[in-house]
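Q: I would like to see how this sequence folds:
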Amino acid sequence: MVLSDGHDLKTGNAEIYLHGKAKKVSGPDDIRIDPEDGSELKYWSNKFGVTKQDINVAVDKVGDSLTAVTSYFRAGR
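A: Here you go, the predicted structure:
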């Protein structure tokens, strides 16, 4: 998985920057969406083209894994 900032998570451990915050991850399943963080909600709602409420619904239904939330929106839910 390559993030918009160019980091390729398939290669193993990485430090990525999401909306100005450094996060250490070892793969795409390590990226978690924090629905309590307003800046993350804004970032991911813009990234997916959905509302902040849609992000919260997705996290409630499938969990906070970026992989799960991405699959949720790709399935058109």
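Q: May I see the buried residues of stretch 38-45?
A: Neighbour-count burial for stretch 38-45 flags Glu40, Leu41, Tyr43, Trp44, Ser45 (criterion: 16 or more other C-beta atoms under 10 Å). For glycine as for every other residue, the C-beta is placed from the backbone atoms N, C-alpha and C.
Q: Am I right that Trp44 falls within a helix?
A: Yes: assignment of Trp44 by DSSP: H, G, I helix; E, B strand; the rest coil places it within a helix.
Q: which residues does it contact?
A: Counting by C-beta atoms under 8 Å, 6 or more residues apart in numbering, Trp44 makes contact with Ile33, Ile55, Val69.
Q: and if you look at Tyr72?
A: Residues in contact with Tyr72 (C-beta under 8 Å, 6+ apart) are Ala58, Lys61, Val62.
Q: Helix or strand: which one has the first one?
A: To tie it back to what came earlier, the one meant is Ala58. helix 52-62 (DSSP states H and E).
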